[in-house]
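Undergrad: need a 3D model of the sequence below.
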Amino acid sequence: MLSAGDWAVYDVSRGYRMQNVSDLDQLVLLLPHGDTSRALARMVRAAPNRAFRSDGLSRVLRTASQTALDEAEGVGSTGSIGLGQTLAELASLAVTQQMDAAPRITAAETVRDRIARTVLRNLRDPDLSIDTIATRLRYSKRYLHKAFSGDGQTLAQFIWSARLERCERDLIDPRLSERSITEIAFGWGFVNSAHFSRSFRARYGMAPREHREQAARAA
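TA: Numbering: from 1, shown residues only. Take a look at the predicted model:
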């Protein structure tokens, strides 16, 4: 799961799938086959299955990649080859640095990440529940609860929290000002307006309409 500013590396010669749960701007650096990319692919296969932080060499890589994209037309064919090689080497160094700094991932963390990804992909489904997640992943409900037991919140709380965060984001988005509060809430899987309002007030300290109006005045 990637948050704003995070990045990940994947081998496009192997099967993969991406799913976005919200609008985003994405920068993709596609490396051609070569010594650097083959070495990088070997590291990717050994890399932890989680997002990398955008710091150190990762930040240098991101800045260099964005600058290269912005200035692509003025670089020329000869310069493009050298620039591409430089970016490939930077990518390899950035992955190496992140892997050296990455903590070991436990089996429990891997399971929890899989559950969380399933939740986030299906937040809009009003029938999403512990039962449906257990069926989809072929885990027992007891196993699902155990996976979240050390995270400070239950799986049910994680689902509600994720839905509330997306509702809050949509409520303050001026592009969605014509959508009603009920439409937004139901669009993220809530099925009861009163329950949504109570949950929203408990989380954000005010009713959804107040929160929306406050954001509009501050814009």
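
Undergrad: where along the protein do the helices fall?
TA: For the chain, the helices defined by DSSP state H cover 35-46, 57-70, 72-101, 107-121, 130-137, 141-147, 155-171, 181-187, 193-204, 208-218.

Undergrad: format these as a markdown table; extra columns: distance to S3 and mean neighbour count.
TA: Any C-beta I mention is one placed from the backbone N, CA and C, and that applies to glycine too. Listed next are the helices of the chain as a markdown table, based on distance: least, Cβ to Cβ, whole Å; neighbours: other Cβ atoms under 10 Å:
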| stretch | distance to S3 | mean neighbour count |
| --- | --- | --- |
| helix 35-46 | 20 | 14 |
| helix 57-70 | 14 | 15 |
| helix 72-101 | 15 | 14 |
| helix 107-121 | 11 | 15 |
| helix 130-137 | 22 | 14 |
| helix 141-147 | 20 | 15 |
| helix 155-171 | 12 | 18 |
| helix 181-187 | 21 | 18 |
| helix 193-204 | 19 | 15 |
| helix 208-218 | 21 | 14 |
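
Undergrad: between those helices, which one is closest to G15.
TA: Ranking the helices of the chain by distance to G15, with Cβ to Cβ as the measure, places helix 35-46 first at 13.2 Å.

Undergrad: of all the helices of the chain, which one comes closest to D23?
TA: For D23, the closest of these is helix 155-171, at 10.1 Å, according to Cβ to Cβ.

Undergrad: below-threshold pLDDT in the protein: ranges please.
TA: When residues are selected by pLDDT under 70, those of the chain lie in 32-50, 77-78, 99-107, 151.

Undergrad: out of everything not next to it in sequence, what's closest to L2?
TA: What sits nearest to L2 in space, not counting adjacent residues and going by Cβ to Cβ, 6 or more residues apart in numbering, is A51, at 4.9 Å.

Undergrad: in terms of contact, does that neighbour touch G5 like I think?
TA: No. The pair A51 and G5 does not pass the contact test of Cβ atoms under 8 Å, sitting 9.2 Å apart.

Undergrad: circling back: do you know how far the residue nearest to L2 is from Q98?
TA: Using Cβ to Cβ, to the nearest Å, A51 is found at 10 Å from Q98.

Undergrad: sorry, back to before: return the residues in contact with the residue nearest to L2.
TA: By Cβ atoms under 8 Å, 6 or more residues apart in numbering, A51 lies in contact with 1-3, 6-8.
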